[in-house]
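A.B. asks: Only the shape, not the letters, is given here:
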């Protein structure tokens, strides 16, 4: 099966699509769980299949350091290595460059406090709800403190126009990361969908540095594409696996830079387009999508990197995004934050989260949800039992919580796809926002 992307139906800018890969078709919009080390923590590939997950993203940087791309290649590539026969994505390692460099020095992520909640001028569009602003207040205080006096922190990565040079977080060994190296490693790993190397800027970077970084990313993406196309030539001779590559739109929160970057990526022979870089906060992210989506080629799949909360997905699908990868639902599961469906009271107001470690659940005999059909809820594991598992630090807690959270995420995506098909996406959004 060759790579292709076909739009089946639309509802406004939202698209119902079929993204074909050699390992199967992805029904879009789709949520992509993150399997950093070639595993979604605590789950088996069979678990993911039964939950309805269609595609997994593995992390190139981590697999490069351990066990190494040569080891994965010798063991048959990522699909055979992790016993997953569905579509796979790998990122470029660019975000880790950021994490070891400016993120460490600035003490921030690509988004302040991973999308702190804002009092929304779009409250009416978000189901009439206005977010609790406590996280935003903390985020702004953090930014102001950082801007006034950055605490000196040792970076583990230095970036120049040619390369990124970094120290391994595992053993301190020195490594050089170039666009050619990123593509070489991703080819050895053998995922279906791969990404060009870019530099992710910090939300604290000014426009001057963001523009320098964007132009560096463009040069790196050109080099990534050249290296990828050379590899495709080898494949024609019977060497290597079939792959497709995404370019990445950068430019931080600056409109002219984002538009320039969108035009650059659109003008190159990428299969898909990803949106990355410092998105700053929820509403700036949506504004960025408003700037760039009219520019992007309509026949290409659009991927939003590192975004995976329920409101962000609903809002971004409306803008024309097709796929999302994020560790958020599985990460919060491991701390006891369980996602809740609208039928069980989940809404924007409570962030669709129930923290099962709370004392109030100690003697609660009910399941997490009476409407969720995952094995945790349908199997009648009680809230009291789950609370006990977390307090006892039992590994089963991680597994059951992760199963449930991914079930909710896939239920969300099913609702979205059905809503687009029926031209009722706004009704789906109102239902979920509460």
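C.D. replies: Happy to help now that I have it. Fair warning: this is a prediction, and the values are worked out from it, not measured in the lab.

A.B. asks: Can you tell me the SS state at residue 240?
C.D. replies: coil (DSSP: H, G, I helix; E, B strand; the rest coil).

A.B. asks: and it, how many neighbours?
C.D. replies: When neighbours are defined as other Cβ atoms under 10 Å, residue 240 has 16 of them. Quick note: C-beta positions are derived from backbone N, CA and C, even for glycine.

A.B. asks: now residue 66
C.D. replies: So residue 66, with other Cβ under 10 Å, has 11 neighbours.

A.B. asks: Over to residue 178?
C.D. replies: 17.

A.B. asks: Please report how far the nearest residue to it once chain neighbours are set aside lies from residue 338.
C.D. replies: For residue 178, ignoring the flanking residues on the chain, the nearest one in space by Cβ to Cβ, 6 or more residues apart in numbering is residue 163 at 4.6 Å. Distance, residue 163 to residue 338, using Cβ to Cβ, to the nearest Å: 43 Å.

A.B. asks: try residue 199
C.D. replies: From residue 199 to residue 338 the distance is 36 Å (Cβ to Cβ).

A.B. asks: Residue 9 too?
C.D. replies: 32 Å.

A.B. asks: Pick out whichever of these two has more residues nearby.
C.D. replies: Comparing residue 9 with residue 338 by other Cβ under 10 Å, the one with more neighbours is residue 338, at 26 against 13.

A.B. asks: Spit out the contact partners of the spatially closest residue to residue 327 that is not a sequence neighbour.
C.D. replies: Of all residues not flanking residue 327 in the chain, residue 34 sits nearest, at 4.2 Å (Cβ to Cβ, 6+ apart). Contact analysis of residue 34 by Cβ atoms under 8 Å, 6 or more residues apart in numbering lists 40, 56, 57, 58, 59, 325, 326, 327, 330.

A.B. asks: what about stretch 259-276, average pLDDT?
C.D. replies: For stretch 259-276, mean pLDDT is 98.

A.B. asks: Run a quick neighbour tally on residue 11.
C.D. replies: Neighbours of residue 11 (other Cβ under 10 Å): 19.

A.B. asks: Phi and psi next, for it.
C.D. replies: Per-residue torsions, residue 11: phi -140, psi 100 (degrees, to the nearest 10).

A.B. asks: One more: the one 5 residues further on?
C.D. replies: Here is the backbone geometry of residue 16 (degrees, to the nearest 10): phi -100, psi 120.

A.B. asks: before we move on, the earlier item: could you measure from the residue nearest to residue 178 over to residue 416?
C.D. replies: Taking Cβ to Cβ, one finds residue 163 at 40 Å from residue 416.

A.B. asks: These two: which is more packed in?
C.D. replies: residue 416 (25 against 18).

A.B. asks: Identify each buried residue in the host helix or strand of that one, please.
C.D. replies: Remark: residue 416 resides in helix 395-421, with elements defined by DSSP states H and E. Within helix 395-421, the residues that qualify as buried are 397-413, 415-417, 419-420, counting by 16 or more other Cβ atoms under 10 Å.

A.B. asks: and for the helix or strand that comes right after it, what are the contacting residues?
C.D. replies: Sequence-wise, the next helix or strand downstream of helix 395-421 (DSSP H and E) is helix 425-433. For helix 425-433, the surrounding residues in contact (Cβ under 8 Å, 6+ apart) are 11-12, 14, 126-129, 310-311, 314, 317-318, 342, 346-348, 352, 412, 415-416, 418-419.

A.B. asks: now, which of those lie within helices?
C.D. replies: 310, 311, 314, 317, 412, 415, 416, 418, 419 (DSSP state H).

A.B. asks: Can you lay out these as CSV showing distance to residue 364?
C.D. replies: Below are those laid out as CSV (distance: Cβ to Cβ, whole Å):
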residue, distance to residue 364
310, 24
311, 27
314, 29
317, 34
412, 24
415, 27
416, 31
418, 32
419, 32
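
A.B. asks: In terms of helices and strands, where is the nearest residue to residue 343 once chain neighbours are set aside?
C.D. replies: Using Cβ to Cβ, 6+ apart and skipping residues adjacent in sequence, the residue nearest residue 343 is residue 371, 4.4 Å away. Using DSSP H and E, residue 371 sits in no helix or strand.

A.B. asks: need the contact list for residue 371.
C.D. replies: Contacts of residue 371 (Cβ under 8 Å, 6+ apart): 341, 343, 344, 377.

A.B. asks: of these, buried ones?
C.D. replies: 341, 344, 377.

A.B. asks: Give me the distance between the last one and residue 354.
C.D. replies: In this view, residue 377 and residue 354 are 12 Å apart by Cβ to Cβ.

A.B. asks: same deal with residue 314?
C.D. replies: In terms of Cβ to Cβ, residue 314 sits 19 Å off from residue 354.

A.B. asks: So those two - more neighbours on which side?
C.D. replies: residue 314 (26 against 19).

A.B. asks: does the more buried one really touch residue 416, like I thought?
C.D. replies: Yes: taking Cβ atoms under 8 Å as the definition, residue 314 is a contact partner of residue 416 at 7.1 Å.

A.B. asks: circling back: out of the contacts of residue 371, who's nearest residue 81?
C.D. replies: Minimum distance to residue 81 across these is 31.7 Å, recorded for residue 377 (Cβ to Cβ).

A.B. asks: Low-confidence bits of this protein, can you list those?
C.D. replies: 98, 101-105, 107-154, 233-239 (pLDDT under 70).
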